[in-house]
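Visitor: I need the structure of the sequence given here:
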Amino acid sequence: MADGDTNLPPIERKLGLQIWGIENMKMVPVPEKAYGTFFEGDCYIVLHTKRTSRGSSVDLHYWIGRDSSQDEQGAAAMYVTQLDTALGGSPVQHREVQGHESETFQSYFRNGIIYKKGGVASGFKHVETNMYNIKRLLHVKGKKHVSATEVALSWDSFNKGDVFLLDLGKVLIQWNGPSCSIAEKSRGLALARSIRDSERGGRAQIGIIDNERDSPDLMQIMRMVLGERRGELRDATPDTKADELQKANVRLYHVYEKDNDLVVQEIATRPLTQDLLQHEDCYILDQGGFKIYVWRGKASSPEEKKAAFTRAVGFIQAKGYPSSTNVEVINDGAESAMFKQLFQRWTEKNETQGLGKVYTTGKIAKVEQVKFDTTQLHARPELAAEQRMVDDASGEIEVWRIEDLEMQPVNPKTYGQFYGGDCYLVLYTYLRSGRPHYVLYMWQGRHASVDEITACALNAIELDKKYGDEAVQVRVTMGKEPRHFLAIFKGRLVIYEGGTSRAQKSSPEPPIRLFQVRGTDEVNTKATEVPARASSLNSNDVFLLTTSQVCYLWCGKGCSGDEREMAKMVADIVSRRDKHTVLEGQEPAEFWEALGGKAPYASEKRFQEQSTQYQPRLFECSNQTGRFIMTEVVGFCQEDLDEDDVMLLDTWEEIFLWVGKASNAQERNEAIASAKEYLKTHPAGRDLATPIILVKQGYEPLNFTGWFNAWDPYKWSDGKSYEEMKNSLGDVSAISEIKVDLNNLSLNKRTLSTTNLAGSGTANASSEYKSHFSNSDSNSYSNSNNYNSNNNSHSSPVPNGEGIYSREVLMHRTVDELPEGVDPTKKECYLSDADFHDIFGKSKDEFYQMPKWKQQNEKKQFGLF
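Guide: Numbering: from 1, shown residues only. So this is what the prediction gives:
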């Protein structure tokens, strides 16, 4: 393939994520449902575009699997160069190696990255969500950036310090090593739930082993698959991460040709200054072997620009660095934030971009919202909204609420109003090239029940089938709504903290509510309910305070006229009362009275001249090994603050140290020393007198929370802990009846001594890449729906083996009112067979063959929950 060839596939200029695999030396698009899964024998190209204060930024990665061929690696690198040219030289280019991905790359996959064995042989296939012919073991690593590698189905793969996920299709067993932290367990569970919801349509069960002695049924299943364990488990291998001292060792090299020879000349060490970079040349910046940057001047020759990756790889080899070293290629004028922070000072001209608007920063933790004309979306893709902005949001919308585990249509007059106690399905239909395309959003309320969330996923699968499995399914967590989701509701998106939109509401609506409104136009506006207290206010924004008599529009000093106009439109949605506009500092007494009195709120300016070019950065700090190691969290939010963490938030003018309740005592004690070490080793040569502020979990001050969008002050009291998330999975004893719930495994006592899964036959191998199942037919489950006639363990086992009671003694009774010895979670077990059939209309045998969520729903219905 000659350099001049244009073998690129059509590239859609949209914001968000696009991924291609290299197959037969060509770029083949990966379906969105498979994003985050990478085959070790392949190479991939990942394009990510996001909105910034200066318009948009583009990152272009090529990912190298550990078993990929040299030809595929060469093709991927060449395509990245061609894509860079096609995109006008604006992307930041990255070379990523499996297991050593950059923090930027890992930030795209919040639930983690899964590595699968094998490579593509028959093209990329649509990923089915109902795929059960699986038997694999995943080794899960990481706290902030999670990766899961497929390893051998053997106890030899295990260690004491990591999470392992045994995936059996309809059952996922999470085994947590005895040395695992709460954060690692939580991230492992998030990955397991992601596999359950996205790959299995919510139909798989999850069991967790924290202590093997407490989980005999789950351990029995593991031994059947893996055999008996012999010998002790090995200790975990510590991650080989670069410490801050190593990262601070920055050196700048001038790269040029002389007499047909390539010359690499060191010209400067830390601290670096921007004027060292000349537009006519190319440079290599070596960050202590941790990462290699190649900076390409605007006036450098095309040959030099094309040779960037080649030179970087040659430099890595010459220095004796690992072949997995990250490489980032930077274009003059389109530098990444991570590159700029390596310099003592980085200044930029006030460039006018987009539609002729100067982008500025200036107030509290906020970049000015940018207006743009959606009719220019295709002509000016850099102005498009953030992730999944597939069109100009002018398509058709249908909305359903999950009620009694079924889909109930929502009144179109209330489209855009979402309640935290509900789950919703939103189907968006738009035309492209005259053909309908579909995006199916699954919006999950923060206070919705587990049953409703599961039913939401199941109904989404059915709806997707109705449209030929063509819908792009987007799981939307309350408060994390993507840009396109905002746009389709035309500025009328209102998120209520709790409650429901059902006709029969369980509790009355509060008489006083407060909404934070953010957005400048119909494309980017959202109103979020926040606690009705003065401390929730923020001088950057407009807030709506609704009472039984009046609706106040409170305009902070930092808000714009566009933001005020959008708030007026939202005000008509949240209140039918008279609207009173109130300017910050001119509030009537009744305003403060409704909020329970005056209180401090985020109001002071925090960005100074230096910080106008510096974005706040969040890091996880670790000093457990005696080496100071920091892991950056790209695109951070409140959810990234884990209870067992010590986190560092760098806002340039201040350093915040956030200390979680369950953090390591040594790290807590050394937190201040860690912050000083961070300043001391910062490549930009930071002022060691920079204020360091220690923040305890649950006691965060306003000048800390102001950096987080829609900070929830009740997260630590109301948010789910790992144990609560684990308990919300339901009764794990149901997994011990795997023969019922799987329909495929035989686990009755006669076969417990075997180490292979029962069942034969071949399931359809059409879920991902057919070639990957060609050697695994023996691992497929039986497709038979018949149960072993001798297997009756799914009948109703009464806990402790005895006791039958009348329905009157069991139904609608509290725990204290039940007979002694009755398990309150299994009241139905104590009914006689006749009473059971009379109440449920089915036998116990039939009842326990139903999915767990259906069992729970029927138990609630008859007062036996």
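
Visitor: tell me which residue is most central in the protein.
Guide: Residue closest to the mean C-alpha point of the chain, counted by C-alpha atoms, centre = their mean, is R110 at 2.7 Å.

Visitor: for that residue, list the residues it contacts.
Guide: If you count contacts by C-beta atoms under 8 Å, 6 or more residues apart in numbering, R110 has none. C-beta: built from backbone N, CA, C; applies to glycine.

Visitor: look at it and give its secondary structure.
Guide: coil (DSSP: H, G, I helix; E, B strand; the rest coil).

Visitor: ok, L262 next?
Guide: strand.

Visitor: okay, and the beta partners of it?
Guide: Under DSSP bridges, the beta-bridge partners of L262 are E257.

Visitor: what about P616, how many residues nearby?
Guide: 17 (other C-beta atoms under 10 Å).

Visitor: equivalent analysis for the one 3 residues further on, please.
Guide: Counted with other C-beta under 10 Å, residues neighbouring F619 total 21.

Visitor: give me the element it is part of.
Guide: When elements are assigned from DSSP states H and E, F619 belongs to strand 617-622.

Visitor: which strands border the helix or strand following that strand, and is each parallel or antiparallel?
Guide: Later in the chain than strand 617-622, the nearest helix or strand by DSSP H and E is strand 629-633. Note on strand 629-633: by DSSP bridges, its sheet partners are strand 617-622 (antiparallel).

Visitor: who's in contact with the partner strand?
Guide: Taking C-beta under 8 Å, 6+ apart as the rule, strand 617-622 contacts 143-144, 337, 341, 628-633, 636, 640, 645-650, 657, 667, 671, 674, 678.

Visitor: please repeat the previous calculation with a cut-off of 6 Å.
Guide: 144, 629-633, 636, 645-650, 674 (C-beta atoms under 6 Å, 6 or more residues apart in numbering).

Visitor: isn't K598 up against W592?
Guide: Yes - judged on C-beta atoms under 6 Å, K598 makes contact with W592 at a distance of 5.0 Å.

Visitor: so where do the helices sit in the stretch 51-200 of the chain?
Guide: All helices of the stretch 51-200 of the chain, identified by DSSP state H, counting those that start in this stretch, fall at 70-86, 103-106, 182-194.

Visitor: so which of those helices is the most packed in?
Guide: helix 182-194 (a mean of 22; mean count of other C-beta atoms under 10 Å).

Visitor: what pLDDT does Q444 get?
Guide: For Q444, the pLDDT comes out at 88.

Visitor: contacting residues around it?
Guide: So Q444 contacts C423, I453, T477 (C-beta under 6 Å, 6+ apart).

Visitor: one more time with 10 Å
Guide: Taking C-beta atoms under 10 Å, 6 or more residues apart in numbering, we find Q444 in contact with 197, 402, 418, 420, 422-424, 452-453, 456-457, 475-478, 480.

Visitor: lowest-confidence one in those residues?
Guide: R475 (70).

Visitor: how far does stretch 331-342 sit from its chain's centre?
Guide: 25 Å (C-alpha atoms, centre = their mean, to the nearest Å).

Visitor: equivalent analysis for stretch 323-341, please.
Guide: 24 Å.

Visitor: could I get that stretch in CSV with only the CA atoms?
Guide: What follows is stretch 323-341, C-alpha atoms only, in CSV (Å, rounded to 0.1, in the frame of the first residue of the first chain):
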residue,chain,number,x,y,z
SER,A,323,8.7,-1.6,23.9
SER,A,324,5.5,-0.9,25.7
THR,A,325,6.5,2.7,26.4
ASN,A,326,3.7,5.2,25.5
VAL,A,327,4.2,7.5,22.6
GLU,A,328,2.2,10.7,22.0
VAL,A,329,2.6,12.7,18.8
ILE,A,330,1.8,16.4,19.3
ASN,A,331,1.1,19.0,16.6
ASP,A,332,2.2,22.6,16.9
GLY,A,333,-0.9,24.6,18.1
ALA,A,334,-2.9,21.5,19.1
GLU,A,335,-1.0,20.4,22.2
SER,A,336,-2.6,18.2,24.8
ALA,A,337,-3.1,19.4,28.4
MET,A,338,-0.7,16.7,29.6
PHE,A,339,2.0,18.0,27.3
LYS,A,340,1.6,21.6,28.3
GLN,A,341,1.8,20.9,32.0
